[in-house]
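Student: need a 3D model of the sequence below.
(2 chains)
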Number of protein chains: 2
Amino acid sequence: MDLLDEPVPGVGTYEDFNTIDWVREKSKDRDRHREIATKSKESTLALMKSISDAFSGWLLMLLVGLMAGALAGGIDISAHWMTDLKEGVCLNGFWFNHEHCCWNSNETTFQERDKCPNWKSWAELIVGTNDGPFAYIMNYLMYVCWALLFSFLAVSLVRAFAPYACGSGIPEIKTILSGFIIRGYLGKWTLMIKTITLVLAVSSGLSLGKEGPLVHVACCCGNILCHLFTKYRRNEAKRREVLSAAAAVGVSVAFGAPIGGVLFSLEEVSYYFPLKTLWRSFFAALVAAFTLRSINPFGNSRLVLFYVEFHSPWHLLELIPFILLGIFGGIWGTTRLGHYPVLEVLVVTAVTALLAFPNSYTRMSTSELISELFNDCGLLDSSQLCNYANVSVTKISSDALPDRPAGPDVYTAMWQLSLALVFKMLITVVTFGMKVPSGLFIPSMAVGAIAGRLLGVGMEQLAYYHHDWVIFRGWCSPGADCITPGLYAMVGAAACLGGVTRMTVSLVVIMFELTGGLEYIVPLMAATMTSKWVADALGREGIYEAHIRLNGYPFLESKEEFSHKTLAMDVMRPRRSDPPLSVITQDGMSVEEVESLIAETSYSGFPVVVSHESQRLVGFVQRRDLVISIENARKRQEGVVSASRIFFTEYTPPQPPNSPPPLKLRGIMDLSPFTVTDHTAMDIVVDIFRKLGLRQCLVTHNGRLLGIITKKDILKHMAQMANRDPDSILFN
Amino acid sequence: MDLLDEPVPGVGTYEDFNTIDWVREKSKDRDRHREIATKSKESTLALMKSISDAFSGWLLMLLVGLMAGALAGGIDISAHWMTDLKEGVCLNGFWFNHEHCCWNSNETTFQERDKCPNWKSWAELIVGTNDGPFAYIMNYLMYVCWALLFSFLAVSLVRAFAPYACGSGIPEIKTILSGFIIRGYLGKWTLMIKTITLVLAVSSGLSLGKEGPLVHVACCCGNILCHLFTKYRRNEAKRREVLSAAAAVGVSVAFGAPIGGVLFSLEEVSYYFPLKTLWRSFFAALVAAFTLRSINPFGNSRLVLFYVEFHSPWHLLELIPFILLGIFGGIWGTTRLGHYPVLEVLVVTAVTALLAFPNSYTRMSTSELISELFNDCGLLDSSQLCNYANVSVTKISSDALPDRPAGPDVYTAMWQLSLALVFKMLITVVTFGMKVPSGLFIPSMAVGAIAGRLLGVGMEQLAYYHHDWVIFRGWCSPGADCITPGLYAMVGAAACLGGVTRMTVSLVVIMFELTGGLEYIVPLMAATMTSKWVADALGREGIYEAHIRLNGYPFLESKEEFSHKTLAMDVMRPRRSDPPLSVITQDGMSVEEVESLIAETSYSGFPVVVSHESQRLVGFVQRRDLVISIENARKRQEGVVSASRIFFTEYTPPQPPNSPPPLKLRGIMDLSPFTVTDHTAMDIVVDIFRKLGLRQCLVTHNGRLLGIITKKDILKHMAQMANRDPDSILFN
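Tutor: A predicted model of the protein is given here:
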């Protein structure tokens, strides 16, 4: 009975919290592909199967796009409705949000659309009026109560059903994509609970965003849909290709930026990103964007609330304030977000709601706030921020209005925004450690957008009142539209987001897709570049890297170069003082001996050598495979007992007549283990591990096996070199 | 005297037409970086040097962007002027092109701008009139003569000064980026001649484009500017990072698409594309685009002649004609372009000019043709293609005009376009094999755009006259703007370009940047995807791969999977019938023995083993390094003679008193050669070669050295597996 023919179930799979071997997984997939291709020549049915196999990847992408787009649409609509529910209810039907409720009220003019008769604030509904301090307090109380209810529900659901649903999920997804296994992290329970609690958390008015969690939701969709196709269900490497595409889908629906999403996946989260995945991710991201658009959650055929179309020009000198915003973003990026595990969620919610309600800029949802800040004031705009004194408009060639002096409302708005800035900055730091689904794209963007708008309005007024200053002369003559405060808000948002996440190209492309103009790439780039440099120079890592390190995941960062001059022999185990490497000989050991070796050690695999004396390497066998195979042989194979000899050789020599039957295990041995020499520089070893996705590598000297290096050894070594605790790496 | 301390000049460099070892180059760069970082702590000067070293990459990118942008602007302006010169001359000054000449003539109305008094056609200048058959023949003759002159000059210059300047250069750049060395291909002579002859070739009216050659020009700029910085001059891997970015710059200026350019470099030409390069490419591409914009070659602050802004919607049913265009593009992509080495350039030019002149669509430059075909007819358009019967315009809410019946001029235009399509298709096939700089982006786009426009106008008229058909009902009611022929032209152009180059994401992004609308991504994607599938299904490779194979370059394609079930032992040398592997022992050989081994074999390197008996691997030494070191030792090192023993060991044993001094060569030996076992599947080996950029890999069995696999062996094996001639791989 040869184990090669009939693989034992479980051989070749991985345990939870372990790292996969990319080379083996990809090789397995190629074997499967080859088998299908060979069979396809035999019968029509097999040919059909081969064709369907080839297209299953595209079908899967379509499904992921549709599902994630639909879920994102649902989340948007629900969050919108529940956010409005905190302020009032619609008489036409409680399921209408404020905007939909007033959709049909034709009697109101454009400006008064918000105040349609069918929409009742809680005070109006309960005490019949919206005026007076009593009604205000009534509304205030209802606002706080709803917020507390939502956040209580969110926290309870997460705690009770799916602890993996909290946070943004991006650090874990990065780790999973690099080859780590966390069972259940992308499962159906996590998806369900995350979707529901995300809506609750966003609606509760906490300072958190849905963009990061949407990536997690999309990845859950991808993972769950993988189960429909054998090709992806059985292969950890293939499944990670789908997850990379799903991450792109998540950003695509979060920002309405399909290209930006693909680049985000490529630049920020993916580990193995072949060109085929690039193309498929793009397809899935587009499908998702169009699904979301046809759901039309905002009623304006835009994918996000803060889409803008800018056309006003900018001046080269404006790069100075843009770079200042970049510095601000970089400093914001070094905030220790999420390092404070907050347990008293209800306290935070209550504080947030109590402080947020009186200020209209913090009361509105963060997306609406960003949308308002990005907005370039037109003639018809009635918002507080656009309350400019009317000057005689001399030329309206384009939509752009000339710079005007600010009216009193603008000054009020400035005060409110300054308070909002301080509030948002403080509360975001606290909020991000909470055990609810929370992203920090939107809060970070809001912080940046407020700072940018403040600076923009300041610049605008400066240019209006001092247009004869040297710096303004020539481009800010009276009546010219020279400063666009909305652009400053956008640049500030990009800078803060860049500081926190250290995204670069993908961030610029996302902002480019949000604005639809090549003109602003330079300001955006200047700000994000400054922000990244400042944040890097201040010596802190990006938020995702920080969280990966906090959790001790075995993640081999591909961005930073390993720059120390150590050799493989300095890192490999056993060290000089350790007992020699545990090896198995190819034909000399009994089942009992191997079992005791397994019991005595905790290594996840053993090298197989010709003999203990020669230490010539034959192959490598995984602990898990060995345990399963021996167990299975003892159960099923007749006569295999503790005294049976185990053979890893190609041919088994004839056994003496009375000896127990041998156990042939060549089938479970990896015949092509990776080796490096002991003199190989560690930077090359790190490169090999990264590029090939290895789990372990054997070290030889002049053809003799000397030791072994695992991914964990490398991470520990890197931690040691950076003067960190090497025991912070917790998993294999 | 240890060779480790003072490296012999030449050791570690490569010969022409050889492949570099990426691992070694990157390791060298890390060593250099480490040295600078260590020194920087010692003195302020060294610290400054370290900082300038860190920023030299960005500075280089800035310079590449500026230089390539300026060159592209110059090429655009000159080509524009010389194209117009074929038709006439400006009286204000012969250096004005037609448009600039008529710029200042205020007396003419908008429609008659083309006919300003200062611009004289050749007939007007010579015989005084532009009417009558004689004047027509006069203009005709002058047109042909100029064309012949330009193409004669182009061909002569290329032949005389820079044979590398012909073609598009992209296949060679792909090969160079994968690690091959072609000295002079990106040198200053090539740059100069290519720039000049590109202008000449484009102006001669031949059916070729400047987009591909612009990538070559940008790469030349990158390569030349590398010489300013030691970091890039000395390191082949670092230089290739710059070249990858330069390729992005080339596409950025060719299409005004910086993001598309970066994706083109990533998807189509690059081999090693770390994230750092992504970010830098993007920066360089932007700098180039802005340089070009400030030069403003077309006088409309657009980067390309055929930039459009579309806003008309499209209907889901239109996907059918779009997919038809995709099929057309796929078939066009299988045309055997460039397989006919045409020597009679003047004949082709004469035929092109003679056939092109009578048809106004072939007479105009191809970019202008594409621009006209992409154009959506507005109310003011006076072109032949926009001659629609006037129907009472009921609603002009947007710029879009309702569908109208075609006027007689449109029918004429259709005929002319059909003839132009046949002409372009035939002449492009012949033109692409000529020895002048020639790209096929623009000719391919033109073919597709003509086909698309024809289909679009056909659809439009069908919808107008049969708006009651089931398929048109609902979206093509009379007075509705339901078909946009310009969009069809654009989709057709994308399909044909995609068929020829097999670009996917980058092509869609380029078209997206050209149109500036997310709406058309789906039609563009449907067409490019269909076109790629059709072309792939018809079994032909992309134009670049075909040319790489024709030239026998050692290029390991990263897109196609290696799917055969062969093992390393089937591919390695020596084969079973061959003499054993030539090895050097670490302490047993004399200078004479090694020299005779070098003389007898032509291998580019030799493994070093412990002894012939044990065949345990110690390291690998390059032939070139060995030759240079022995030569150098014989010249300089006292007493090294033929009988001297060569040692690769760490410690040299004491020599008997009368023996000649030993030669220690451990310093030139690679102590960490890559090894795989003989049982390693070839798909894994191919993966390792691709990902790590190896040149050779040693094969072991149970710790004994068995053979060697080089990149050439792999390519030969792949050719054999695909039933091609393995000897088509010409270089190492």
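
Student: am I right that A:Thr700 sits in a strand?
Tutor: Yes: using DSSP: H, G, I helix; E, B strand; the rest coil, the assignment for A:Thr700 is a strand.

Student: ok, now how distant is it from A:Thr677?
Tutor: 6 Å (C-beta to C-beta, to the nearest Å). All C-beta atoms are positioned from the backbone trio N, CA, C, and that covers glycine.

Student: over to A:Asp468?
Tutor: Counting by C-beta to C-beta - A:Asp468 and A:Thr677 are separated by 73 Å.

Student: now A:Ile323
Tutor: Taking C-beta to C-beta, one finds A:Ile323 at 49 Å from A:Thr677.

Student: out of these two, which sits in the more crowded spot?
Tutor: When neighbours are counted by other C-beta atoms under 10 Å in any protein chain shown, A:Ile323 and A:Thr677 differ, and A:Thr677 comes out ahead with 23 against 19.

Student: quick one, what contacts the closest residue in space to that one that isn't next to it in sequence?
Tutor: The shortest distance from A:Thr677 to any non-neighbouring residue, by C-beta to C-beta, 6 or more residues apart in numbering or on different chains, is to B:Ser672 (4.9 Å). B:Ser672 makes contact with A:Ala568, A:Val676, A:Thr677, A:His679, A:Thr680, A:Ala681, A:Ile684, B:Gly619, according to C-beta atoms under 8 Å, 6 or more residues apart in numbering or on different chains.

Student: straight-line length of stretch A:354-371, end to end?
Tutor: End-to-end distance of stretch A:354-371 (C-alpha to C-alpha, to the nearest Å): 23 Å.

Student: would you pull up how far it lies from the middle of the chain?
Tutor: 26 Å (C-alpha atoms, centre = their mean, to the nearest Å).

Student: list the contacts of it.
Tutor: A:79-80, A:83, A:139-140, A:143-144, A:202, A:205, A:207, A:209, A:304-306, A:308, A:372, A:384, A:413, A:416-417, A:419-420, A:423-424, A:427, A:442-443, A:445-446, A:449-450, A:489, A:493.

Student: among these, which ones are in helices?
Tutor: A:79-80, A:83, A:139-140, A:143-144, A:202, A:372, A:413, A:416-417, A:419-420, A:423-424, A:427, A:442-443, A:445-446, A:449-450, A:489, A:493 (DSSP state H).

Student: in what helix or strand does A:Asn732 lie?
Tutor: Using DSSP states H and E, no element contains A:Asn732; it sits outside every helix and strand.

Student: excluding chain neighbours, what is closest to it?
Tutor: A:Asn18 (5.0 Å).

Student: test my guess that the one you found contacts A:Ser604.
Tutor: Yes: using C-beta atoms under 8 Å, A:Asn18 is in contact with A:Ser604, at 7.1 Å.

Student: what do these two both touch?
Tutor: Shared contacts of A:Asn18 and A:Ser604, counting by C-beta under 8 Å, 6+ apart, come down to A:Asn732.

Student: per-residue pLDDT of A:Gly517, please?
Tutor: For A:Gly517, the pLDDT comes out at 66.

Student: right, I mislabeled it, should have said A:Glu368
Tutor: 88.

Student: just give me how far the helix or strand it falls within sits from the chain centre.
Tutor: A:Glu368 belongs to helix A:366-374 when assigned by DSSP H and E. Offset of helix A:366-374 from its chain centre (C-alpha atoms, centre = their mean): 23 Å.
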